[in-house]
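In: pasting the structure only:
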């Protein structure tokens, strides 16, 4: 959808009307899914004990 020119001021002109292709979101989407999957697997592999909570928080911080 193009930018509506009625929203421009009197002295303004539209130089670029960029509309990125939907493929530009595929890479970041796949990367996010991979990070979530890796963090989930790593969180499930943390051994039980006193450091389990802090270890999972550290994994979540790294994933973010």
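Out: Yep, it's here. Predicted model, so just to flag it, every value in this text is computed and none were measured.
In: which SS state does the most far-flung residue of the chain relative to its centre fall under?
Out: Largest separation from the mean C-alpha position in the chain: residue 10, at 37.2 Å (Cα atoms, centre = their mean). Following DSSP: H, G, I helix; E, B strand; the rest coil, residue 10 is assigned to coil.
In: where exactly do the helices run in the protein?
Out: In the chain, the helices defined using DSSP state H lie at 26-44, 52-63.
In: Run a quick neighbour tally on residue 55.
Out: 16 (other Cβ atoms under 10 Å). C-beta: built from backbone N, CA, C; applies to glycine.
In: should've said residue 42
Out: When neighbours are defined as other Cβ under 10 Å, residue 42 has 16 of them.
In: what do you get for the one 4 residues further on?
Out: Neighbouring residues of residue 46 were enumerated by other Cβ under 10 Å; the total is 15.
In: again with residue 30
Out: Counted with other Cβ under 10 Å, residue 30 comes out at 10.
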